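Chemist: Sequence and predicted structure are below.
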Amino acid sequence: MDYTTRFVHKVSTSSKDVGPDIALDARDLIDRKTLGAALRKARILIKGGTVQEYRVERDGRIVAFPTCPGLSTYWHSIILTPIG
């Protein structure tokens, strides 16, 4: 399934904080490590970035909470919204 990408910052969110559309399948949602690997491969997460936790909502939207060692500020969450 294809998803749009939106980044949410804790302090100042902006409608301009969007990333590329990405394709994920059910295998990418097996666990947080697998999702993190898929997001790094799609360049949604930076090298070294991980997914601390995530949830799939009823409408299919995926909310991931990333972290990156050594960075005190990073995205609060990454919202992946199904296209179509």
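Modeler: Received, thanks.
Chemist: For the residue lying closest to Lys47 once chain neighbours are set aside, give me its contacts.
Modeler: Leaving aside its sequence neighbours, Lys47 sits nearest to Arg40 (C-beta to C-beta, 6 or more residues apart in numbering; 6.8 Å). Backbone N, C-alpha and C define where each C-beta goes, glycine included. Contacts of Arg40 were listed using C-beta atoms under 8 Å, 6 or more residues apart in numbering, and they are Ile46, Lys47, Gly49.
Chemist: Number of residues surrounding the first one?
Modeler: Residue neighbour count, defined by other C-beta atoms under 10 Å, stands at 13 for Ile46.
Chemist: Excluding chain neighbours, what is closest to it?
Modeler: Leaving aside its sequence neighbours, Ile46 sits nearest to Cys68 (C-beta to C-beta, 6+ apart; 6.1 Å).
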